[in-house]
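Asks: build me a model:
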Amino acid sequence: MPRHTQHFENAILRLKKMTHNLGAHVEENVGRSVRSLINRDSRLASQIMESDAKIDDLEVELEEECLKVLALYQPVANDLRLVVALLKINNDLERIGDLAVNIAERAIFLVDHVKLVIPDEFPLMAEKTQWMLQKALDSLVDLDPVLARRVCAMDDEVDDLNRRMFNNFEGQLGKGPEKLRPLLELLSASRYLERVADHATNICEDVIYLIGGEIVRHRKEALIIPMEQAKKNSGKG
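Replies: Presented below is the predicted three-dimensional model:
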């Protein structure tokens, strides 16, 4: 069966649109979860938890469509890489959606307990993490390996902020037993943000694989290349 029929092209276009739709929902929920925690907004946090069912449905639908394309059209080469990459990205996006719910749950807990001073590292970490997720999705839409590598490079900064959050909490643990549980919940939220950044990195690694067939997972040295070389690889140099 010829792969490049109109039906096949329409199926691929549908997969891309479904992925972009899922990504938009997930990105929105991550931003709202951070706001719900910083602003102590339990109503917003509850809305995030309720909307997660929609994300789960979109993830299942996308997976089914990917498997259908594999079965019906048996794509090869670049087309196969695309479908495989979208399958993996689909899973990462669903996990990010779950992490947004986890942050929202921490927000609801913190509303009902002693108010904490949120360290400066948390909103900064949230800002960088949301940037990573946004640009990871942009790199997928634009098939931009240079941007994908920039996102991967940002992951170390988020990891460092997460460590600084932990060190900050260690210094506060002895300041009253009533603060122990809230501090641990806030630390959990920090950890969830760090994991969102990890999944954004995974998406970018799949974008790099999709464009050039290069597997950079577990190979940091493969990501640290001159930007001019990355541009050359993408045909932009």
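Asks: pull the helix or strand with minimum mean pLDDT from the protein.
Replies: helix 227-234 (a mean of 50; mean pLDDT, DSSP states H and E).
Asks: how distant is stretch 148-168 from the center of its chain?
Replies: Between the centre of stretch 148-168 and the centre of its chain there are 14 Å (Cα atoms, centre = their mean, to the nearest Å).
Asks: so which bits of the longest helix along the chain are buried?
Replies: Looking across the chain with DSSP state H, the single longest helix is helix 77-111. Of the residues in helix 77-111, 79, 81-90, 92-111 count as buried by neighbour count, 16 or more other Cβ atoms under 10 Å. Heads up, the C-betas are built off the backbone N, CA and C, glycines and all.
Asks: with stretch 63-70 instead?
Replies: 63, 65-66, 69.
Asks: which residues touch residue 37?
Replies: Going by Cβ atoms under 8 Å, 6 or more residues apart in numbering, residue 37 touches 45, 103-104, 106-107, 110, 118, 186, 189.
Asks: mind putting those residues in CSV, distance to residue 172 and pLDDT included?
Replies: Shown next, in CSV, are these (distance: Cβ to Cβ, whole Å; pLDDT from 0 to 100):
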residue, distance to residue 172, pLDDT
45, 23, 97
103, 20, 98
104, 23, 97
106, 16, 96
107, 19, 96
110, 14, 93
118, 12, 87
186, 10, 92
189, 15, 96
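Asks: out of these, flag the one nearest to residue 202.
Replies: Nearest to residue 202 among these is residue 103, at 18.6 Å by Cβ to Cβ.
Asks: wait, the closest one touches residue 192, no?
Replies: Yes. Residue 103 is in contact with residue 192 according to Cβ atoms under 8 Å; the separation is 5.1 Å.
Asks: what's the helix or strand for the most centrally placed residue in the chain?
Replies: Nearest to the geometric centre of the chain sits residue 200, at 3.7 Å (Cα atoms, centre = their mean). Using DSSP states H and E, the element containing residue 200 is helix 180-212.
Asks: could you check the angle helix 77-111 makes with that helix?
Replies: 170 degrees (axes from the mean of the first three to the mean of the last three Cα atoms, to 10 degrees).
Asks: so for helix 180-212, what gets flagged as buried?
Replies: 182-183, 185-187, 189-211.
Asks: also stretch 118-133?
Replies: Under the neighbour-count criterion of 16+ other Cβ under 10 Å, stretch 118-133 has 118-119, 121-122, 125-126, 128-133 buried.
Asks: looking at those residues, spot the one nearest residue 164.
Replies: residue 121 (4.9 Å).
Asks: C-alpha coordinates for stretch 31-42, CSV please?
Replies: Extracted C-alpha coordinates of stretch 31-42, given in CSV (Å, rounded to 0.1, in the frame of the first residue of the first chain):
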residue,chain,number,x,y,z
GLY,A,31,0.7,27.2,34.7
ARG,A,32,-2.6,27.2,36.7
SER,A,33,-1.2,24.7,39.2
VAL,A,34,1.7,27.0,40.0
ARG,A,35,-0.7,30.0,40.4
SER,A,36,-3.0,28.0,42.6
LEU,A,37,-0.1,27.2,45.0
ILE,A,38,1.5,30.6,45.0
ASN,A,39,-1.8,32.4,45.4
ARG,A,40,-3.3,29.9,47.8
ASP,A,41,-6.3,29.4,45.5
SER,A,42,-8.0,26.1,46.3
